[in-house]
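Q: Here's a sequence, model it:
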Amino acid sequence: MDATWSVLSLFKVKSFQLSSLISNNSRNHNGNYNIQQDPAVWGEEFAAMTRNILQHRYRLLPYLYTLMYRASVFGDTVIRPLFANWPEDKTTHTIDEQMMWADGLLVSPVLTQEQFKISYLLK
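A: As a prediction, the model looks like this:
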């Protein structure tokens, strides 16, 4: 595996992880003459990572669909910035790399190759 494949596959995995959390649809769009994007094409290791991501997503789907229902009926928010949940914590007012799924799930994506921890632990 060369370095280009490694960086590209890491980007695709991280993109897939994040998109699986911020959308109620999880699919990969592609054109007829573009590079294939099906996870199986990228090898077994990538397919296994994608499978793991999808299994986590499927466990969270009932919660996500409940949030989507509440958003359509009551106007609740599904994805919100941290300061919406903790307005008294001034540190949350400037955090733009983490988000909440309603009140129950903190989403803190890995956005850089060097990142190994989350930005801010809430009180």
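Q: Go ahead and confirm W86 touches Q98.
A: No - checked against C-beta atoms under 8 Å, the pair W86 and Q98 is beyond contact range at 11.3 Å. In short, each C-beta sits where N, CA and C put it, glycine included.
Q: buried ones in stretch 108-115?
A: 108, 110 (16 or more other C-beta atoms under 10 Å).
Q: same check, this time on stretch 70-88
A: Result for stretch 70-88 [16+ other C-beta under 10 Å]: buried residues 78-79, 81-83, 86.
Q: N52: which of the residues you listed is nearest?
A: I79 (22.3 Å; C-beta to C-beta).
Q: Which strand residues bridge M100?
A: R80, L106 (DSSP bridges).
Q: contacting residues for it?
A: By C-beta atoms under 8 Å, 6 or more residues apart in numbering, M100 lies in contact with 79-82, 84-85, 106-107.
Q: Widest-spaced pair of the residues you listed?
A: A84 and V107 (13.3 Å).
Q: Low-confidence stretches in this protein?
A: Low-confidence segments of the chain (pLDDT under 70): 1-29, 113, 115-123.
Q: again, 80 this time
A: Filtered on pLDDT under 80, the chain yields the residue ranges 1-32, 34-42, 46, 50, 53, 108-123.
Q: Mind listing what's buried along the longest helix anywhere in it?
A: As assigned by DSSP state H, the longest helix anywhere in the chain is helix 44-74. Neighbour-count burial for helix 44-74 flags 46, 49-50, 53, 57, 60, 64, 67 (criterion: 16+ other C-beta under 10 Å).
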